[in-house]
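Engineer: the sequence and its predicted three-dimensional model are supplied below.
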Amino acid sequence: MATLGAPVRVSPLIKFGRWTALVTGILYGRSHFNSLKAKEAVIREEETKKQAIRDAQLAEEKLKNNKQEMIYLAGEAGVKVPPNF
């Protein structure tokens, strides 16, 4: 093992610069996160509205496809389909 010498005393100016950079970075990160959080909230709200519309369209399409499939299966099985079905 190599022997290490005594640690060098760090200049107070360098210490101050390091702490300033750390605090500045934390504050910048906090403000940047909050700005991104606000943008994401708007995007999620829009997606929620679109999702409701899309779910309604998919439910309608599923109902239509189910009806068509039942008519097809009735025809294949030889069952007469009622006229108001």
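Structural biologist: Sure, I can see it. Residues are numbered from 1 along each chain as shown.
Engineer: now do residue 73 against residue 65, distance only.
Structural biologist: Distance of residue 73 to residue 65, given as Cβ to Cβ, to the nearest Å: 12 Å. No exception for glycine: its C-beta is placed from N, CA and C like everyone else's.
Engineer: check residue 35 too.
Structural biologist: 44 Å.
Engineer: then residue 39?
Structural biologist: Distance from residue 39 to residue 65, by Cβ to Cβ: 38 Å.
Engineer: mind jotting down where the helices sit in this structure?
Structural biologist: Along the chain, counting by DSSP state H, helices occupy 12-77.
Engineer: and the closest residue to residue 81 other than its chain neighbours, what pLDDT?
Structural biologist: Computed as Cβ to Cβ, 6 or more residues apart in numbering, the closest residue to residue 81 that is not its neighbour in sequence is residue 74, at 5.0 Å. You'll see residue 74 listed with a pLDDT of 91.
Engineer: same thing with residue 1?
Structural biologist: In this model, residue 1 is scored at 75, pLDDT.
Engineer: surely the residue nearest to residue 81 and residue 82 touch.
Structural biologist: No. Here residue 74 does not reach residue 82: they are 9.5 Å apart, not a contact under Cβ atoms under 8 Å.
Engineer: comparing these two, which residue is more hemmed in?
Structural biologist: residue 74 (14 against 7; other Cβ atoms under 10 Å).
Engineer: next one: that one from residue 64, what distance?
Structural biologist: Distance, residue 74 to residue 64, using Cβ to Cβ: 16 Å.
Engineer: also residue 7?
Structural biologist: Taking Cβ to Cβ, one finds residue 7 at 77 Å from residue 64.
Engineer: do residue 21 as well
Structural biologist: 62 Å.
Engineer: and stretch 4-12, end to end?
Structural biologist: By Cα to Cα, to the nearest Å, the extent of stretch 4-12 from end to end equals 23 Å.
Engineer: so how far is that stretch from its chain's centroid?
Structural biologist: Here stretch 4-12 is found 48 Å from its chain centre; the criterion is Cα atoms, centre = their mean, to the nearest Å.
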